[in-house]
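K.L.:
Dropping a prediction and its sequence here:
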Amino acid sequence: MVRQSSGRWFGRLTLTGQLFAVQVLILVGILVAVGFVSLAQSEATFTRTEGRRMSAIAEQMASTPIVRTEMAPGGVINVLPSLMQSIVTQYSVTSMTVADADEVVRVSSDPTLERAPIPLGSPAVADGASWTGVMDVRGERMIVAQSPLLYVPDPSLEGPQLPVGTQLGTVMIAVHMPSALDRLQGASAYLPTYLGLALVVGGLGSWLLSRRIRRQTLGLEPAEITGLAESREAMLFGLAEGVVALDTNERITLVNNVAQRLLDLPERVVGMRLEDLPIGPRLRDVLRGVGESGASAQPVDGGAEVPRDQVVLRRGRVLVMNRMEVSKDGRPLGSVTTLRDRTELADLERELGSFRSTTELLRAQAHEFANQLHTISGLIQLGEYDEVVGFVDSVSQHRAQLDLAVSRRVRDTALAALLMAKAAQATERRVELRVSDETSLGRLTQRDSADVSVVVGNLVDNAIDAAASSVGSERWVELTIRQDASAVEVSVVDSGPGVAPEVVTEVFTHGFTTKAAQAGERGIGLALTRLICQRRGGEVDVDNTPDGARFVARLTVEAGAPLGKEAG
């Protein structure tokens, strides 16, 4: 409960307050760590310095003649107690102790140690070695120096003497080891100063850092940033459209799962440069904002912008992409490109092509028959009955010739109906649709018929548009369809101005048509044509002839009814 309350309290702070609180906690932690290190260092320094001093005092006392004399066998301790007190006072030590050869204390400045075994820091002290270190004496931690008291013969004395170097006992000098609190109190004069300076510097640094972060986060607090990020994730990954965001250095900053799937991008694509992605040049140009003419889209006269939708073919899919520049306060931040998958709509258009062509045929024929009826009505009103008969015979003969030309060369019913509709549409636009004598097509399966109809319809529509826009007196479109055992070749030639040389190699890659450059949909017709041909193991090409443009499409089909035979 306390932890949750403190977390809620911390979350209510502003960004500056949170940074300052964290900075204070970090500084306090650093100061505590530095304090522990300083205490450890001071303890080591004190032990080393005092150990040397204690060792020197112990060796000095062990070499004092009066100490050796009174500790020698038969010696009487008279001067040693007063000497110890003077040593304790003079050298500011805690205690001085002298033990005999049996390690029993004979005399000490600490009365509690007399007649007790002397604590040895090392067993080697009993064999004549010196030792300095920290040990517990009567429950207190002390720095202790122990030095052996060795016998030196006195020539002035008569009688037998001990061998030189015989150990008479041990001299021990001890001083209290100050506690951590004592050392901390000794440093209390400068610790508050350091702590205050550190807090001031840390507070100023956290304030400056918070200001910089607030500028970079547009003044949003952490809770607002979290909510914004969650909302962005929910929105972007809940869209049915793909989204790709680039910064000013052409690095991917964001991509949702739809875009990653449609563009077939790597798993860890965020952070990669655009030039490092495994994509084609067309797709790369669209993401960069380079238009079909090689330059970025610019506003046209009147302030309206050029349509931004562009068609890209990617792994057998028709993608419509829209790119927008993003800026903040006049500073460019990058771009966001959305993409929609139009493949299903293209497939639907292909499936409905035959029905649409039939509708167009009925509309065009109704318009044509209405004009013919108006002509016949006028002639009857004028009493020109012979002219009426001649006009009816001419119309019947023209219709019979067209029906015969199409039906004899194209045995597939759906495609024949499509050509009749296109012929009527061409007539409305003052364009003659010709079916060449080389045309030969048998019956196709339903699926093949739909695909061939879409290809023929798109190519003929583009050719009629081109021919209708030409300035010549003759406006025509010639269609040739050839079929062998496994493939169909469609060739369409028009009398239009042809395809511009600068786009003749890119027209299908970019998926544009001159009609699409003026309308909203950018090149769905040719893009769909190429997509169908590629799915069928073929291709579509374009070149210019002396008369105009020529489009040639090839695609494989299943074997249908042989030419010259009617399917039952």
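P.N.:
Cool, the structure landed.
K.L.:
Check the spacing between residue 180 and residue 554 real quick.
P.N.:
Applying CB to CB, to the nearest Å, the value for residue 180 to residue 554 is 92 Å. To be clear about C-beta, it is placed using only N, CA and C from the backbone, and glycine gets the same treatment.
K.L.:
Pick out whichever of those two has more residues nearby.
P.N.:
Between residue 180 and residue 554, counting by other CB atoms under 10 Å, residue 554 is the more crowded of the two (18 against 13).
K.L.:
Do I have it right that the more buried one meets residue 491?
P.N.:
No - taking CB atoms under 8 Å as the definition, residue 554 is not a contact partner of residue 491, at 9.6 Å.
K.L.:
Break down the stretch 301-450 of the chain into its strands, ranges please.
P.N.:
Assigned by DSSP state E, counting those that start in this stretch, the stretch 301-450 of the chain shows strands spanning 310-314, 317-328, 331-341, 432-435.
K.L.:
What residues sit buried inside the shortest one?
P.N.:
Pointing back at strand 432-435 there. Buried positions in strand 432-435, judged by neighbour count with 16 or more other CB atoms under 10 Å: 433, 435.
K.L.:
Name the single longest helix found in this protein.
P.N.:
In the chain, taking DSSP state H as the definition, the longest helix is helix 15-62.
K.L.:
Show me what it packs onto, helices and strands only.
P.N.:
On a contact count with 3 or more CB pairs under 8 Å, 6 or more residues apart in numbering; DSSP states H and E, helix 15-62 meets helix 80-91, strand 131-137, strand 140-150, strand 167-176, helix 180-186, helix 191-216.
K.L.:
hmm, 7 Å instead?
P.N.:
Secondary-structure packing of helix 15-62 (3 or more CB pairs under 7 Å, 6 or more residues apart in numbering; DSSP states H and E): strand 131-137, strand 140-150, strand 167-176, helix 180-186, helix 191-216.
K.L.:
distance of the residue nearest to residue 536 when sequence neighbours are not counted from residue 537?
P.N.:
Leaving aside its sequence neighbours, residue 536 sits nearest to residue 555 (CB to CB, 6 or more residues apart in numbering; 3.6 Å). Noted for residue 555: a distance of 7 Å to residue 537, by CB to CB.
K.L.:
cool, residue 271 as well?
P.N.:
Residue 271 sits at a distance of 39 Å from residue 537 (criterion: CB to CB).
K.L.:
what number of residues lie near residue 309?
P.N.:
If you count neighbours by other CB under 10 Å, residue 309 ends up with 16.
K.L.:
And the pLDDT for it?
P.N.:
Listed pLDDT for residue 309 reads 71.
K.L.:
roughly how far apart are it and residue 145?
P.N.:
Distance of residue 309 to residue 145, computed by CB to CB: 93 Å.
K.L.:
cool, residue 261 as well?
P.N.:
According to CB to CB, residue 261 and residue 145 sit 81 Å apart.
K.L.:
who has more neighbours, these two?
P.N.:
Neighbours were counted for residue 261 and for residue 145 using other CB under 10 Å; residue 145 has more, 26 against 11.
K.L.:
The more buried one and residue 109, how far apart?
P.N.:
Residue 145 is 14 Å from residue 109, by CB to CB.
K.L.:
go on, residue 101?
P.N.:
For residue 101 relative to residue 109 (CB to CB), the value is 21 Å.
K.L.:
Same check on residue 70?
P.N.:
Per CB to CB, residue 70 is found 15 Å from residue 109.
K.L.:
And residue 64, by the same measure?
P.N.:
As judged by CB to CB, residue 64 and residue 109 stand 15 Å apart.
K.L.:
Same check on residue 139?
P.N.:
Distance from residue 139 to residue 109, counting by CB to CB: 17 Å.
K.L.:
between these two, who's got more neighbours?
P.N.:
Taking neighbours as other CB under 10 Å, residue 139 and residue 109 compare with residue 109 leading, 21 against 5.
K.L.:
who's in contact with that one?
P.N.:
Applying CB atoms under 7 Å, 6 or more residues apart in numbering, one finds that residue 109 lies in contact with 84-85, 88, 95-96.
K.L.:
which of the residues you listed has the most neighbours?
P.N.:
When neighbours are taken as other CB under 10 Å, the top entry among the contacts of residue 109 is residue 96 (24 neighbours).
K.L.:
Done for today, thanks.
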